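next input, structure requested:
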Amino acid sequence: MIMTLTTTRISSDWPCQVKTPGSYDWERSAAKWLRELVPARYASYPALLRHPVLLARHAQIQVQNEVRVARTALQTARADLPRLGLPESVIEHTIKMYAAEVMQLQHIARSVRAVTQALVDQNPGR
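The predicted structure is shown next:
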């Protein structure tokens, strides 16, 4: 068995579900991971299935909007949640949850950018 070493350097933001760029079937693993980040209805669009870089672009937009939603929820929680009759302990827990979600989504956004860049680098002129 002959193994090819790749010289592509991946960052700490590289998702563990995606194989190293240049390795066998890495684009398929990237596309599979990216499909998990977009609403399921997009899985049937032929253009997104045939062009992983297009899917990556859509995933970037999707995650950016999710970050905005989580930030808005975090920023408005202290004012809005008491009006819903929630106890302070639930409000505090919810604020921590939103803060953690913002951090997680920011990490995912960096991962999507890394995968997108690798897809572009591997397929120049496509």
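
could you point out the longest helix of this structure?
helix 88-122 (DSSP state H).

ranges for the helices of the chain?
Under DSSP H, the chain gives helices at 26-35, 46-50, 52-80, 88-122.

nearest to residue 14, out of those helices?
When the helices of the chain are compared by CB to CB, helix 88-122 sits nearest residue 14, at 5.5 Å. For the C-beta atoms, the positions are set from N, CA and C on the backbone; glycine is no exception.

what mean pLDDT does the longest helix of the chain get?
On average, the pLDDT along helix 88-122 is 96.

can you check stretch 43-58 too?
For stretch 43-58, the mean confidence score works out to 93.

return the distance of it from the chain's centre.
Computed by CA atoms, centre = their mean, to the nearest Å, the separation of stretch 43-58 from the middle of its chain amounts to 14 Å.

could I get the helices of the chain as JSON lines with mean neighbour count?
As requested, the helices of the chain are arranged in JSON lines below (neighbours: other CB atoms under 10 Å):
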{"stretch": "helix 26-35", "mean neighbour count": "20"}
{"stretch": "helix 46-50", "mean neighbour count": "12"}
{"stretch": "helix 52-80", "mean neighbour count": "17"}
{"stretch": "helix 88-122", "mean neighbour count": "16"}
